[in-house]
Structures are given as C-alpha cells and as structure tokens.
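# Provided below for reference: sequence and predicted model.
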Amino acid sequence: MIKDWTKEEILEVYNTPLMELIYRASEVHKTHHKIGEVQVSSLLSIKTGGCPEDCSYCPQAARYHTEVKVQKLMSVAEINEAADNAKAGGASRMCLGAAWREVRDNKDFDKVLDMVKTINSKGMEVCATLGMVTEDQAKKLASAGLYAYNHNLDTSEENYNNIISTRTYDDRLNTLKNVRKAGLTVCSGGIIGMGETSEDRVGMLYTLSLLRPLPESVPINALVAVEGTPLADQPPVPIWDMVRMIATTRIVIPTTAVRLSAGRLNMSMEGQALCFMAGANSIFAGDKLLTTPNPRYNQDMQMFEILGLKPKKAYADVRIEESVNHG
Ligand code: SAM
Ligand code: DTB
Ligand code: SF4
C-alpha cells in the first residue's frame, strides 16, 4: 500500500541526522531495487536555446545573455547517428530535450515523432522533455513509442513564482496529468541550490508524493550556475544537501528511480558514492548534459568499476535475453 505522507512527516525525514538518514534510505532502496544497478541515460539537446520562458536557472532562455548558441531542431538522420553512438557506449535509454515552452502541432513535432520511432526501433527506451503537452500530443508521442516524459516541478508551489513567472505550477501539474492519461511513464523532479529553503525542497517532494500513480522517475538536479542567468552567483550546493535530498526522495517514493542528475561535475567520487548509497539509481552519462558539461563517459565507467555498480539494461534487451535463456 502506498503511504500518504504529510509535509511535516517528510520534513522530519529530511531533518534526520545524516548517517541515520542514509542508513534508512539504504534499507528502503534494498527492499525495492537491486542494489548496485544504475540506469544510465544519454541526454541529447535536439533544439537548443532561444526559449521564450524565464526560468531563472536556465541558460537556454532567450532573455538571458549566456554563451548558449541557438540551434534549430536536429534532423532525424543526426538523431539516428547519435542513438547508434549512445547504444554502442552502453546507454539503454535516450532522453531528448528541446528548449520549447510547449509542443506545437507542426512539422517540427512530426519530426520529433519520427525521432522517437527511430530510437525505439533500436531497442532503446526513449524519453523526451519538450515543455508543456496536451493529452492529444502526449498520445501521439506514446504511439510513436515514447517510454517516459520528463517535466520537472523544479521547486515547491510556494517558491515557484520566485523562479519562473511565464507559467504556473498548475500548468506543470496539468502537463503531468496529460502525460499520464496517454499512458506514458512520468519523470518529474527538481533542482536544489537555487536559494530555496528546506521547506521548499520538502514541499516539492510532498507534491510529487501526491501523484497517483507515483512518478516512475525523480531527477534531483544540483543547480549548474551559469553565467548570464539570474542564478549565476548562487553558491554551490553542499554535497550533504544533495545526499539528504536523495535519501528523502528514496524514502518518500520507494519505488521510483531517483536520478542523480545535473551537477555531478562538481561532485567527488566519494560524494556520488554517498548519493548511490542514499538511494540514487540513475544518472545521465555523456560529456554534455543539454548545454553544460557532465563527467566524461570513461570517468563514469571507472567510477562504476570502483564502486561495483552495473549499468541497468533496457527493457527490450532484458526481454531478448529472457527469451534466449528460457527458449
Ligand atoms: N523546456 C523544457 C522544460 O522546461 O520542461 C525541457 C528542457 S528543461 C532544460 C528540463 C529541466 O532541466 C528543467 O526543468 C530543469 O529542472 C533542468 N535544468 C535546466 N537548467 C538547469 C541548470 N542550470 N541546473 C540544473 N538543472 C537545470
Ligand atoms: C533533468 O531533470 N535534468 C536534465 C533533464 N532533466 C532534461 C537537464 C539538466 C540540464 C542542465 C543544464 C544544461 O545542461 O543546460
Ligand atoms: Fe525554456 Fe525549459 Fe529552459 Fe525553461 S527550463 S527556459 S522552458 S528550456
């Protein structure tokens, strides 16, 4: 049975002495997941920069003067090549990101549907993060073979207006509803290190914990402070806050994949090991996130070797293996 959390209960978990919190999260992790198995996703920016929104953390917002160069939507052929490379590198999942406020019913969307079909045909799981979607658009993505849709709440409802003014928290929740109605799996989380309070972090987890079904994936990003954005001068988030946030997410939503998302470049291997210990079981691999750098692939594989972690296979690959093993 799914537990209905109150905000106070989540805050109590969040404020547990750190070692006790990690220990507790670790036990929950072990009950619901294979320890040492980490989902490795590859991230690709298919349309970069020039976004009309004002998300104050984002280097892709047109109104901020960052070094991001605007790039129009990539071609299906380019995606095909990128997917082959990602698969050869061991990624079981590919996530396509577009700097759009929302999906529009036009030729670009048809192209994205083709990209989804192309990647899906290679036995890789495909996710997308394209901004707001209607139920009809989400259904088209599902029919093309999309597995998951990423749409982050980013922060608490109370703090939302301090970070973004061009859309509302309800807009975000509405897209998540549309995604669900289309039968897609939901990936939704947020960012820490934007100047929010512990209550805001807990508030975001509380809203996520109210979703039914619960999100299958919760990315926890540490802010990558980018020159030119309003949050450029935010101090780096302490690793202890990241561990605390991941452990709390693991305890509150035991079944979800908790993704140790943006910000890994500023974390030591020891710091990341604590995040895995606290229940993180998913990462983005590849030397670039959407526009900012990420640890190099080889460096991550070395970390996997040292920590005894194994990349999780795509469902399609598991199915093939099972049919071979069991006739
Ligand atoms: N435009 C779409 C949207 O906003 O939903 C999809 C792409 S957007 C870049 C996806 C997510 O990336 C955001 O919701 C935010 O959580 C995360 N993100 C963007 N810039 C970031 C940064 N500087 N540091 C950490 N996370 C960031
Ligand atoms: C998510 O939660 N994090 C990823 C993904 N979803 C799309 C994006 C991180 C972006 C970090 C800043 C950048 O590289 O532009
Ligand atoms: Fe645009 Fe998404 Fe960046 Fe917001 S987070 S500015 S919607 S690309």
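All right, it came through fine. Ligands and ions are numbered 1, 2, ... in the order given.
# what's around Lys107, how many residues?
Lys107 has 9 neighbouring residues, counting by other CB atoms under 10 Å. To be clear about C-beta, it is placed using only N, CA and C from the backbone, and glycine gets the same treatment.
# Phi, psi for it please.
phi -60, psi -30 (degrees, to the nearest 10).
# do the same with Cys187
Per-residue torsions, Cys187: phi -120, psi 110 (degrees, to the nearest 10).
# which residues touch it?
Cys127, Thr129, Ala148, Tyr149, Asn150, His151, Pro215, Glu216, Ser217, Val218, Pro219, Arg259 (CB atoms under 8 Å, 6 or more residues apart in numbering).
# Ligand 1 contacts on this protein?
Where proximity means CB under 6 Å from any ligand atom, the interface of the chain facing ligand 1 comprises 57-58, 97, 99-100, 129, 131, 151-152, 154, 191, 221, 223-224, 226, 262, 290.
# Show me those that map onto strands.
Gly97, Thr129, Ile191, Asn221 (DSSP state E).
# Among those residues, which pair sits farthest apart?
Farthest apart among these by CB to CB are Gly97 and Ile191. That separation is 14.7 Å.
# Comparing the two, which shows the higher neighbour count?
Ile191 (27 against 21).
# Can you give me the distance of that one to ligand 3?
10 Å (CB to the nearest ligand atom, to the nearest Å).
# Just give the nearest non-adjacent residue to that residue, would you?
Nearest non-adjacent residue to Ile191, counting by CB to CB, 6 or more residues apart in numbering: Asn221, 4.4 Å away.
# what sits against that neighbour?
The neighbours of Asn221, taking CB under 8 Å, 6+ apart as the test, are Asn152, Gly189, Gly190, Ile191, Ile192, Ser261, Ala262, Gly263.
# if you set the cut-off to 7 Å instead, what comes out?
Gly190, Ile191, Ser261, Ala262, Gly263 (CB atoms under 7 Å, 6 or more residues apart in numbering).
# doesn't Ala222 make contact with the fourth one?
The one in question is Ala262. Yes. Assessed by CB atoms under 7 Å, Ala262 is found in contact with Ala222 at 6.2 Å.
# tell me the centre residue of the protein?
Here the mean C-alpha position of the chain is nearest to the C-alpha of Pro219 (CA atoms, centre = their mean), at a distance of 3.7 Å.
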